[in-house]
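Q: Predicted model follows, preceded by the sequence.
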Protein chains: 2
Amino acid sequence: MNEIEVFRKYVKESGLRNTPEREVIIEEIFLTHDHFDVDTLYLCLKNKKCSISKASIYRTIPLLIESGLIKEVFFEDGHMHYEHVLGHEHHCHFRCLGCGKIIEFKEDEVMDIEKKFSRSHGFEVTGHKLELFGYCRECLKKEGKDRRVSTVDRVDRN
Amino acid sequence: MNEIEVFRKYVKESGLRNTPEREVIIEEIFLTHDHFDVDTLYLCLKNKKCSISKASIYRTIPLLIESGLIKEVFFEDGHMHYEHVLGHEHHCHFRCLGCGKIIEFKEDEVMDIEKKFSRSHGFEVTGHKLELFGYCRECLKKEGKDRRVSTVDRVDRN
DNA sequence: ATTATTATTGAGAATCTATTGCAATAATAA
DNA sequence: TTATTATTGCAATAGATTCTCAATAATAAT
């Protein structure tokens, strides 16, 4: 089942209505495999012929999350970023505090942690989010310069 | 060194100036061991005699992060949440998707993941953020009811 | 097919978080 | 004590997200 079919099924089961606007949004999102945010998605659609209002995009995103197509990954630069779930196997992120670069990597060991926690607490663990941060090789070279605590809460003082 | 002393040292070393407002903010934050956000912090201070402008709180937070007193934990309900670093050993979070409850737990195995990633990529890993999510015991009882994908992007449709 | 019902859309207003400009104040160093 | 300039509070602003509402269109029922 591709993303459109998944969504149609979800819409039907939920008693919602499908619309061309929503399918256009989904197609645009799944055109690449990258992270995305509302504003760039909006501009991409605008630059093609098919302009869709931001309100509709904002209203569609929770549906895409509920239907298991996408998920939130991180809040950065004042807005949320999303990524694919369908067709994109689960992975973790490394964020470079120097240049802001995001690197994805796979890590099975987290499953052990999930199981251990699940057993010890009697909870059902359905997922996780692991982010490592530090400095990438390139930034380690420019040693010490430009380091910051976080992309969001940088303090510029010079 | 307590939180105030840490901050005074940081301020001195950074060529900033300390102020009573900043110390009041720090004292309020470290009064409890809980997570906090800007708005509740602002209201707490307002409810006591010592009202401090939101602008000052927003301007102080990055300093507290840089000085190692606090850090961001998650973005939820449209705004950032913070927690103590000083005097609060590193831990991970479990978030119940049913009731929103946050549970902290310690987990050393993540260090192995850090090291493994660090070695394989030649990066310097300085920290991590691990969040598990699922359903707590209480919510498992009310099985199926009230489940949601995320606290932020909940879809209410009834 | 046609019609009735009502979810969805788009545009803009409203809201909310967070940042910034500015004049007054106050913390440090001289 | 004085000079320097970081910090404060307030108001204005920016940006993201939500909401209002009339018009439209997707489904179900006829």
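A: Yes, it's here.
Q: okay, now the domains of chain A?
A: Taking automatic domain parsing as the domain assignment, the record places the domains of chain A at A:1-88, A:89-158.
Q: Dump these to JSON lines, plus mean pLDDT.
A: Converted to JSON lines, the domains of chain A look like this (pLDDT from 0 to 100):
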{"stretch": "domain A:1-88", "mean pLDDT": "96"}
{"stretch": "domain A:89-158", "mean pLDDT": "81"}
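Q: of those, which approaches DNA strand D most closely?
A: domain A:1-88 (3.5 Å; Cβ to the nearest atom of the strand). For glycine as for every other residue, the C-beta is placed from the backbone atoms N, C-alpha and C.
Q: circling back: save the domains of chain A as CSV, and put in distance to residue B:24 too.
A: Written out in CSV, the entries for the domains of chain A read as follows (distance: least, Cβ to Cβ, whole Å):
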stretch, distance to residue B:24
domain A:1-88, 28
domain A:89-158, 20
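Q: can you put those in JSON lines and add mean neighbour count and distance to DNA strand D?
A: JSON lines is the format used below for the domains of chain A (neighbours: other Cβ atoms under 10 Å in any protein chain shown; distance: least, Cβ to the nearest atom of the strand, whole Å):
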{"stretch": "domain A:1-88", "mean neighbour count": "15", "distance to DNA strand D": "4"}
{"stretch": "domain A:89-158", "mean neighbour count": "15", "distance to DNA strand D": "7"}
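Q: right, and those domains - which one's nearest residue B:74?
A: Each of these was checked against residue B:74 via Cβ to Cβ, and the shortest separation belongs to domain A:1-88, namely 8.3 Å.
Q: what's the span of that closest one, first residue to last?
A: End-to-end distance for domain A:1-88, by Cα to Cα, to the nearest Å: 14 Å.
Q: so how far is it from its chain's centroid?
A: For domain A:1-88, the gap between its own C-alpha mean and the chain's C-alpha mean amounts to 11 Å (Cα atoms, centre = their mean, to the nearest Å).
Q: ok, and does it reach over to chain B?
A: Yes - Domain A:1-88 lies within reach of chain B by Cβ under 8 Å from any Cβ of the partner chain, at A:14, A:16, A:61-63, A:65-66, A:71-72, A:75, A:80.
Q: who's in contact with stretch A:87-102?
A: Contact partners of stretch A:87-102, identified using Cβ atoms under 8 Å, 6 or more residues apart in numbering or on different chains, comprise A:3, A:30, A:33, A:35, A:73-74, A:103-107, A:110, A:127, A:130-136, A:138-140, A:142, A:146-151, B:117, B:121, B:123, B:125-126.
Q: Quick one: mark the members of these that sit in strands.
A: With strands identified by DSSP state E, the entries of the contacts of stretch A:87-102 that belong to them are A:73-74, A:103-105, A:127, A:130-135, B:125-126.
Q: can you list the residues of domain A:1-88 next to chain B in JSON lines and add secondary structure and distance to residue A:43?
A: Converted to JSON lines, these look like this (DSSP: H, G, I helix; E, B strand; the rest coil; distance: Cβ to Cβ, whole Å):
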{"residue": "A:14", "secondary structure": "helix", "distance to residue A:43": "29"}
{"residue": "A:16", "secondary structure": "coil", "distance to residue A:43": "26"}
{"residue": "A:61", "secondary structure": "helix", "distance to residue A:43": "16"}
{"residue": "A:62", "secondary structure": "helix", "distance to residue A:43": "21"}
{"residue": "A:63", "secondary structure": "helix", "distance to residue A:43": "21"}
{"residue": "A:65", "secondary structure": "helix", "distance to residue A:43": "21"}
{"residue": "A:66", "secondary structure": "helix", "distance to residue A:43": "25"}
{"residue": "A:71", "secondary structure": "strand", "distance to residue A:43": "22"}
{"residue": "A:72", "secondary structure": "strand", "distance to residue A:43": "20"}
{"residue": "A:75", "secondary structure": "strand", "distance to residue A:43": "20"}
{"residue": "A:80", "secondary structure": "strand", "distance to residue A:43": "16"}
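Q: Fine, thanks again, bye for now.
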